[in-house]
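> Just need the structure, nothing else, for what follows:
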Amino acid sequence: MISSISPKELKKLIDTAPDTIDLIDVRGTGEFKELRIPTARNIPLHILPMRMNELDKSKKIIFICRSGGRSAQATMFAEREGIHGYNLDGGMNEFENEFPEHVVREEVKKLFGLF
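Below you'll find the model as predicted:
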């Protein structure tokens with residue numbers, strides 16, 4: 001069973017203890033640019049295994065994706081590597097629904113359907 005965190009719990013941490021969390025958005029670069037939490041870092045899921053050393057293990061590591069599936073995979077992968085992580089329940093979809101004023105939106109041009 002993986003650990004998870006609700007959008008409300010994450011918002012509280014962002015507001016009260018931002019220095020205690022490491023937000024890792026595992027979506028593709030284009031998805032991340034379109035909609036993101038300002039303090040999150042983008043490490044796409046497919047390259048996360050090669051960048052595990054970049055996770056700040058002294059902080060609460062929270063993985064984010066669009067709806068919670070990829071971030072759940074990232075959380076499970078981290079756990080197998082001995083790193084405790086949390087999956088954001090409902091991903092950016094839920095976080096944006098509850099706290100639209102706390103996300104950054106950017107218009108991104110998609111080339112050839114790739115992003």
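> Need the three-state assignment for residue 23.
Assigned with DSSP: H, G, I helix; E, B strand; the rest coil, residue 23 falls in the strand class.
> With adjacent residues omitted, what lies nearest to residue 11?
Ranked by Cβ to Cβ, 6 or more residues apart in numbering and with sequence neighbours excluded, the top spatial neighbour of residue 11 is residue 99, at 5.4 Å. C-beta coordinates here come from the backbone N, C-alpha and C atoms, glycine included.
> Next: residue 103.
Take residue 103 and drop its neighbours on the chain: the residue closest to it by Cβ to Cβ, 6+ apart is residue 96, 5.1 Å away.
> Same question for residue 40.
Of all residues not flanking residue 40 in the chain, residue 23 sits nearest, at 3.9 Å (Cβ to Cβ, 6+ apart).
> Next one: the one you found relative to residue 44, how far apart?
14 Å (Cβ to Cβ, to the nearest Å).
> Give me the more crowded residue out of those two.
Legend: neighbour count by other Cβ atoms under 10 Å for residue 23 and residue 44, higher for residue 23 (22 against 18).
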